[in-house]
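Colleague: this is a predicted model, with the sequence first.
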Amino acid sequence: MIVVASSEAQPAVKQVLMLQSLNHGNLILDNFTGNFRVSLDQRARKPVHVVQVVVGPTGFVDAPEQAVVDYIRSMYVDRAPPDLIVTIGGPAAAFARKHRPKLFPEAPLLFASVDQRYLRDAPLSQNESAVAVINDFPRMVDDILRVLPDTKQVFMVVGSGAIGRFWRRELESEFTRFRDRVAFVWSGELSLEDIERRVASLPSDSAIVYLVFGTDALGGAYADEQVLAELHAKANAPLFASHTPLLGYGIVGGSLINIANLAHNTGDVASRILNGEPAGSIRVPPQSRGPHMFDWRELQRWRIAETRLPPGSVVHFRGPSLWDEYQPVVLTAVCVLLLQSLMIAWLMHERRARQRAEIDSRRNLALAADINRRETISALTSSIGHELGQPLSSIVHNAQALQTMVTTNRASPDATAAIVRDIKGEAALATQIIERHRAMLRSHELHKKPIDLHAVIDESLALFVHELRARQIETTLDLSSTPCVIDGDQVLLKQVLVNLIRNAIDALAEPPARRHITIRSAVTTTSVVMSVSDTGTGFSPAIIGTLFTPFVTAKPHGLGIGLVIVQRILDAHGGSISAEENPDGGATLTVTLPRSETPNRLSERLGGANPS
């Protein structure tokens with residue numbers, strides 16, 4: 001793989017050939033390369049052009065090393081040789097040493113991010129420098145045994161091929177001092193799937209060490225992030241590693257090599273070489289492990305007490321306490337709770353006061369409704385007298401006739417029975433008239449039941465028959481053929497209609513050319529609509545916007561509560577009322593009520609229609 005960092009290099013641009021050990025996906029080397037490039041750009045006095053080639057196991061799969069050398073040389077056929085060669089990791093360092101005579105032997109060579117074991121076979125030449133590391137893996141095992149003293153087995157996760165064989169060979173000899181205490185199991189001959197199965201069923205006294213992966217026994221190449229995620233998800237034992245970029249990917253921690261510091265030190269050495277300093281004159285000691293660092297989340301997961309950690313350990317990703325993280329929020333919450341408590345107490349007081357006010361309001365509304373009904377009955381006094389006069393007069397005449405027949409001894413059984421039937425019928429009619437008016441006068445609470453609005457219309461009009469005839473007002477009923485069945489209170493709805501008819505009659509007080517009241521009804525899927533229209537004077541502009549405002553009236557002797565009560569009654573029934581001017585004069589008041597949702601027998605008795 002080739003990564004070119006800039007466009008065609010100019011003569012003033014320094015040329016750097018970077019030989020990478022592993023392809024993209026190795027967290028340690030990727031982190032090192034990124035930090036090194038940043039450090040080099042910051043420290044070099046001239047622009048730097050970097051050509052990066054992967055020469056390790058995953059760079060040119062199965063390609064002979066000579067082919068890789070020829071490929072690199074071909075890139076520089078038409079350009080000047082590099083000013084510096086930098087190797088990243090052990091395999092790249094071994095490759096560069098082996099093929100140095102063929103790869104620009106005059107160019108300075110810098111071994112970076114390489115374990116000092118790769119450089120022990122030959123000393124550095126006068127044109128070579130190194131920023132190496134000491135991977136003290138026995139010390140890592142010491143850290144494991146300190147935090148997990150009962151550990152008896154360590155499962156070593158390492159890639160297959162040359163890298164895995166190198167580290168197994170090196171560490172088996174270095175781990176001899178743990179021979180009587182810990183058994184080491186190596187994953188070099190396993191596929192990634194087999195490794196996942198093994199870490200999921202380790203003995204309870206086990207730990208896992210992640211060295212470097214790259215490829216498994218089947219030749220599959222895997223990125224560190226994927227492998228660590230799989231191990232972390234399935235392992236039944238804590239996971240350890242030795243480099244800072246892996247902290248946060250599921251490892252517990254320990255004494256880690258700081259890769260960022262290593263990259264900055266390497267960038268410093270590389271810039272010194274590019275600025276003219278001989279590579280052989282720059283000798284820096286290998287970097288060893290830094291302070292102990294641990295992941296608080298993994299300590300919690302594996303129940304590792306912080307008292308077991310070495311003194312001076314730094315714990316990252318600690319879950320802050322509620323007070324530490326949200327101190328201002330906690331203080332604010334306490335203040336809010338205090339204020340809420342005071343507010344709740346005040347609201348409870350207000351609620352009781354509002355309940356008392358609502359009770360008083362309902363009482364006042366009931367009183368106002370009673371007053372409104374009595375005012376209406378008072379206005380209908382002449383109608384009541386006329387209605388009662390007819391049946392009472394009929395009773396008197398029938399009684400006189402019966403008396404005459406008895407006196408003259410002409411009272412036959414059939415004639416007597418007929419007269420008695422007439423008297424009983426007229427008495428029943430008088431009783432019905434009296435009861436109808438008594439219902440209007442009686443104080444009443446809301447009581448809903450299925451009713452037909454047409455019956456309410458008939459009963460309400462019966463109260464005005466005499467007055468309508470006396471004032472020569474023509475009445476038209478345009479009612480739906482479908483029964484208008486609603487759930488409501490018949491007395492209160494009759495009061496609504498009586499108010500509307502009363503207002504319509506009053507609007508016709510000044511005789512217009514046409515004196516007419518029309519009552520209509522209609523049924524929709526969900527509602528029942530009833531309207532009362534008149535051919536009167538309509539609404540004045542001053543009152544049209546305040547029709548439903550208490551104590552606002554256009555009548556000389558009105559209280560101004562009739563339409564307010566109508567609106568309140570309709571609100572209690574889930575209905576509404578609206579007013580509008582008629583195009584040809586007069587006004588229309590329209591009432592909308594929800595249709596009964598409960599199937600009932602009333603509509604069947606009245607019209608055979610199903611409300612639904």
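Modeller: Okay, I see it. Numbering: from 1, shown residues only.

Colleague: confirm that Asp121 sits in a strand.
Modeller: No - counting by DSSP: H, G, I helix; E, B strand; the rest coil, Asp121 is not found in a strand; it is coil.

Colleague: and the stretch of helix or strand Met293 belongs to, what's buried?
Modeller: According to DSSP states H and E, Met293 maps onto strand 292-295. For strand 292-295, burial by neighbour count (16 or more other C-beta atoms under 10 Å) applies to 292-295. In short, each C-beta sits where N, CA and C put it, glycine included.

Colleague: list of residues touching that strand?
Modeller: Applying C-beta atoms under 8 Å, 6 or more residues apart in numbering, the external contacts of strand 292-295 come out as 143, 244, 247-248, 250-256, 309-310, 312-317.

Colleague: so after that strand, what's the next helix or strand?
Modeller: Once the chain leaves strand 292-295, the next helix or strand it forms, by DSSP H and E, is helix 296-301.

Colleague: for that next one, C-alpha coordinates in CSV please.
Modeller: As requested, the backbone C-alpha atoms of helix 296-301 are provided in CSV (Å, rounded to 0.1, in the frame of the first residue of the first chain):
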residue,chain,number,x,y,z
TRP,A,296,-12.0,2.3,35.8
ARG,A,297,-14.8,0.6,33.8
GLU,A,298,-12.8,-2.6,33.6
LEU,A,299,-11.9,-2.5,37.2
GLN,A,300,-15.6,-2.3,38.0
ARG,A,301,-16.4,-5.1,35.6
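
Colleague: how long is stretch 298-314 from one end to the other?
Modeller: Start-to-end span of stretch 298-314 (C-alpha to C-alpha, to the nearest Å) is 14 Å.

Colleague: now stretch 214-232
Modeller: By C-alpha to C-alpha, one end of stretch 214-232 lies 17 Å from the other end.

Colleague: quick one: contacts of that stretch?
Modeller: Applying C-beta under 8 Å, 6+ apart, the external contacts of stretch 214-232 come out as 22-28, 56-58, 157, 159-161, 163, 188-192, 194-196, 199, 208, 210, 213, 239, 246, 249-251.

Colleague: looks to me like Phe539 is in a helix.
Modeller: No - assessed by three-state DSSP, Phe539 does not belong to a helix; its assignment is coil.

Colleague: got the phi and psi for it?
Modeller: phi -100, psi 140 (degrees, to the nearest 10).

Colleague: contacts only, for the residue lying closest to it once chain neighbours are set aside.
Modeller: Once flanking residues are discounted, Phe539 sits nearest to Ala587: 5.6 Å by C-beta to C-beta, 6 or more residues apart in numbering. Ala587 makes contacts with 507, 533-534, 536, 538-539, 579-581, as judged by C-beta under 8 Å, 6+ apart.

Colleague: most surrounded residue in those?
Modeller: Taking other C-beta atoms under 10 Å as the neighbour criterion, Asp534 ranks highest of the contacts of Ala587 with 26 neighbours.

Colleague: tell me how far the residue nearest to that one when sequence neighbours are not counted lies from Glu467.
Modeller: Of all residues not flanking Asp534 in the chain, Ala504 sits nearest, at 4.0 Å (C-beta to C-beta, 6+ apart). Note on Ala504: its distance to Glu467, by C-beta to C-beta, to the nearest Å, is 11 Å.

Colleague: rewinding a little: where's the dip in pLDDT among the contacts of Ala587?
Modeller: Looking at the contacts of Ala587 by pLDDT, the weakest one is Phe539, with 76.

Colleague: ok, that residue touching Gly586?
Modeller: No - using C-beta atoms under 8 Å, Phe539 makes no contact with Gly586, being 9.6 Å away.

Colleague: for the residue of the chain most remote from its centre, phi and psi?
Modeller: Most distant from the centre of the chain: Thr408, at 97.1 Å, with distances by C-alpha atoms, centre = their mean. The phi and psi torsions at Thr408 (degrees, to the nearest 10) take the values phi -90, psi 10.

Colleague: those helices in the stretch 401-550 of the chain, which residues are they?
Modeller: 413-441, 453-462, 465-470, 490-507 (DSSP state H, counting those that start in this stretch).

Colleague: what's the closest of the ones you listed to Leu402?
Modeller: For Leu402, the closest of the helices of the stretch 401-550 of the chain is helix 413-441, at 4.8 Å, according to C-beta to C-beta.
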